[in-house]
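Chemist: Test case, fold it:
(chains A and B, ligands or ions: 1)
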Amino acid sequence: MAEETQAIDPDGDPYWQGAAEGELRYRKCGACDASIFYPRSICPKCGATDPDWAVSKGEGSVYACSTVHRAPPAFADNAPYTVLLVDLDEGFRMMGGLVGTEAIAVGDRVTVTFQDGPNGRPAPYFTPA
Amino acid sequence: MDFCACLEIIRNVERTAESQAECAAVLWGKSLSLKKACAIAGVAESRLGVVPDSTVLTLQAEAFAAALADAGLEKSDVDGVLVSGAWGRLPQLQICEYLGIQPKYADSTSVGGASFEFHLGHAAAAIQARLCKVAVILYGSTQRSKQDKYIFQIRNDLGYQYEAPYGLPTPVGAYALAASRHFAEYGTTSEQLADLAVSTRAWAGLNPKAYRRDPLTRDEVLDSGMIASPLHRLDCCLFTDGGGAVVVVSPDVAKTLDKPPVWLLGQGESLSHAQISEMPDLTVTPASESGKRAFEMAGVSHDQIDVTEIYDSFTITVLLTLESLGFCKPGEGGAFLANGRTGPGGEFPLNTNGGGLSYCHPGQYGIFLIIEAVRQLRGECDARQVADAVLALISGTGGVLSSNSTCILGLE
Ligand SMILES: [Zn+2]
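Modeler: Residues are numbered from 1 along each chain as shown, chains lettered A, B, ... in the order given. A predicted model of the protein is given here:
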């Protein structure tokens, strides 16, 4: 029988593992102290390699938000739903989904929560703080 | 030795190692200016809109033949080819093969809809370095007829895996996020964006080749249905077929042709990010960098520009680009666009062919910005002609506000 191979992504795997464990993980540069998101093997600020992994408290502010009415086919059943860009207090920005349909605005405080994404894997979402 | 003398030496093929070294010393730390390194000699579209009896190859061949005829050149004159396309396996090889060209200079910089403004700068540099003399920039798409929806697919690999779970439609959702930020930061309104769509449609009404020509009202834009807040359907560009070609020539070739050359006076380019969550400031596009470089190279100021062609994938794209280029201050873009200011008869003629919003938008629209600017400067635009236009600015935006190249064109 052919040996099964699984694609390994050294950037993404620890991040998704963290989400499964209820942790929002990002990376922190040991050389310049930059908070790095999305996680990657090199610091996009100073170029130092192999930054450390860190865990965010998951609290931040909405930097931008849009409510999607015309959704891509795989998401059509959920529309309308709101997509956020969140500035986490540790100093990085990420995309996230808003849980629920409560009104949200730029500047609002939000907190991370984890729920299954469209592929069945837990992913970070946000709720109003 | 001054900068210009250096340029003369560098342009001279018979330069010596000594003169080259001397120039290098003078020019150290400066890039060579591309000012008047090349001219645009011919431009053309293929059939536009819905063109079911076509392929990406036939549309490009159509535009290619028409642009060469416009320039008064032959296929055998072409020694450089610059293309961008999201079709086929190796688009550049496929189109060169189809046309029967073996170029000695080739560039397939592909950074979204702005690619062709990048190509224009790259063609200028190649011509200045004497790597080619007649370069053709090409584009073609049958996305409408073939219902090619690849751009709407959500990617789930590499950096995109961190955005994929959230169902943001691309590219419109990314532009909607930028609009939300600008609205919140500066109080910009949907009405102001709608006014741009209305002005652009008014230009389209004067262009027989435009896809949508009926007059539009502000309310029609606001009532056209929300796609991704705050952007409505009529804040978004068309989804059409179409192709274009631009013939770029060396100054010595330009002098032999019948039509007046349209000179490249300045060009700048900048890459910022690939995905919207990585954009440093959603209200400032890479046009702020590219524009600075283009204006400096051309040695002209904003108030000298007679006609402006800015990539309008979405209404918000134009607002952010105008601010980033410095035509108005940050936060003033909404007021700048409002009340027909950019329409026919307005004080700031913008997107005079009807733009991606109303004329055509076959996926990567940037080549049509060049085509329209050249026609305006040549005075070939009939009802939509901007009187006495001698300086034009083009600004192409690609990806999700990811890339920008700004070009300033002028007559002799
Ligand atoms: Zn660093």
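
Chemist: closest point of the stretch 51-200 of chain B to the ion, which residue?
Modeler: With Cβ to the ion, the shortest gap between the stretch 51-200 of chain B and the ion falls at residue B:159, namely 18.0 Å. Glycine gets a C-beta too; all of them are placed from N, C-alpha and C.

Chemist: Next, that residue: phi, psi?
Modeler: The phi/psi pair for residue B:159 (degrees, to the nearest 10) reads phi -60, psi -20.

Chemist: burial count for it?
Modeler: Using other Cβ atoms under 10 Å in any protein chain shown, residue B:159 has 18 neighbouring residues.

Chemist: do you know how far it is from residue A:12?
Modeler: Note on residue B:159: its distance to residue A:12, by Cβ to Cβ, to the nearest Å, is 9 Å.

Chemist: Residue B:411 now?
Modeler: Noted for residue B:411: a distance of 53 Å to residue A:12, by Cβ to Cβ.

Chemist: Just the strands from chain A, written as ranges.
Modeler: A:24-28, A:35-36, A:52-56, A:59-68, A:81-88, A:93-98, A:109-116, A:122-128 (DSSP state E).

Chemist: those helices in the stretch 101-250 of chain B, which residues are they?
Modeler: B:115-128, B:172-186, B:190-204, B:218-222 (DSSP state H, counting those that start in this stretch).

Chemist: Kindly apply the preceding question to the stretch 301-412 of chain B instead.
Modeler: For the stretch 301-412 of chain B, the helices defined by DSSP H, counting those that start in this stretch cover B:315-325, B:333-337, B:366-378.

Chemist: Of the ones you listed, which is nearest the ion?
Modeler: The closest of these to the ion is helix B:315-325. By Cβ to the ion, the value is 27.0 Å.

Chemist: quick one, the closest one and helix B:172-186 angle?
Modeler: Our comparison of helix B:315-325 with helix B:172-186, counting by axes from the mean of the first three to the mean of the last three Cα atoms, to 10 degrees, yields an angle of 60 degrees.

Chemist: okay, and for chain A, where does confidence drop off?
Modeler: A:1-6 (pLDDT under 70).

Chemist: Tell me who's in contact with the residue nearest to residue B:382 when sequence neighbours are not counted.
Modeler: With Cβ to Cβ, 6 or more residues apart in numbering or on different chains as the criterion, residue B:382 has its nearest non-adjacent residue at 7.8 Å, and that residue is residue B:206. By Cβ atoms under 8 Å, 6 or more residues apart in numbering or on different chains, residue B:206 lies in contact with B:344, B:354, B:382, B:383, B:384.

Chemist: circling back to that earlier point, adding mean neighbour count, write the helices of the stretch 101-250 of chain B out as JSON lines.
Modeler: Output for the helices of the stretch 101-250 of chain B, formatted as JSON lines (neighbours: other Cβ atoms under 10 Å in any protein chain shown):
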{"stretch": "helix B:115-128", "mean neighbour count": "27"}
{"stretch": "helix B:172-186", "mean neighbour count": "25"}
{"stretch": "helix B:190-204", "mean neighbour count": "25"}
{"stretch": "helix B:218-222", "mean neighbour count": "17"}
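
Chemist: out of the ones you listed, nearest to residue B:51?
Modeler: Minimum separation from residue B:51 across the helices of the stretch 101-250 of chain B (Cβ to Cβ) falls at helix B:190-204, 18.1 Å.

Chemist: Which elements pack onto the closest one?
Modeler: Secondary-structure packing of helix B:190-204 (3 or more Cβ pairs under 8 Å, 6 or more residues apart in numbering or on different chains; DSSP states H and E): helix B:218-222, strand B:231-232, helix B:315-325, helix B:333-337.

Chemist: What is the neighbour count of residue B:259?
Modeler: Close neighbours of residue B:259, defined as other Cβ under 10 Å, add up to 16.

Chemist: Would you format the contacts of residue B:206 as a markdown table with neighbour count, distance to the ion and pLDDT included?
Modeler: Shown next, in a markdown table, are these (neighbours: other Cβ atoms under 10 Å in any protein chain shown; distance: Cβ to the ion, whole Å; pLDDT from 0 to 100):
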| residue | neighbour count | distance to the ion | pLDDT |
| --- | --- | --- | --- |
| B:344 | 15 | 51 | 98 |
| B:354 | 27 | 47 | 98 |
| B:382 | 10 | 56 | 98 |
| B:383 | 10 | 56 | 98 |
| B:384 | 21 | 51 | 98 |
